[in-house]
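>>> Based on what follows, work out the 3D shape:
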Amino acid sequence: MKYKIACRTYRDWNECPTLCESYLEIEARFFKIENGFVAAWFEDNESRIPDIYINANDVLTIEPIKEEEE
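I've put the predicted structure just below:
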């Protein structure tokens, strides 16, 4: 099963991070919530090390994606 994770994004403008009005959507094969962070693995990663860590306060939604049966 895959998941769509929507989260807030930040930018570095004049060395002062500010909240952007936009957000990022990623597709993850697997995710884990631990110690205030969401760790996500993409489709091609088969290691134990996540591809991305997201602060749990910045995660807006995590929704399952229905895979089409062949």
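>>> got any ranges where the chain has weak pLDDT?
Residue ranges of the chain with pLDDT under 70: 12-21, 68-70.
>>> Could I get the full set of strands for it?
Remark: strands assigned in the chain by DSSP state E are 2-13, 16-28, 30-34, 37-41, 52-55, 59-65.
>>> Make JSON lines out of those and add mean neighbour count.
Glycine gets a C-beta too; all of them are placed from N, C-alpha and C. As requested, the strands of the chain are exported to JSON lines (neighbours: other Cβ atoms under 10 Å):
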{"stretch": "strand 2-13", "mean neighbour count": "14"}
{"stretch": "strand 16-28", "mean neighbour count": "11"}
{"stretch": "strand 30-34", "mean neighbour count": "13"}
{"stretch": "strand 37-41", "mean neighbour count": "19"}
{"stretch": "strand 52-55", "mean neighbour count": "15"}
{"stretch": "strand 59-65", "mean neighbour count": "12"}
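>>> partner residues bridging the residue nearest in space to the middle of the chain?
Among the residues of the chain, the one closest to the centroid is residue 5, at 4.8 Å (Cα atoms, centre = their mean). On the basis of DSSP bridges, residue 5 is bridged to residue 26, residue 62.
>>> To what extent is residue 46 buried, counted in neighbours?
7 (other Cβ atoms under 10 Å).
>>> who touches residue 55 in this structure?
36-38 (Cβ atoms under 8 Å, 6 or more residues apart in numbering).
>>> switch to 7 Å and redo it
By Cβ atoms under 7 Å, 6 or more residues apart in numbering, residue 55 lies in contact with 36-37.
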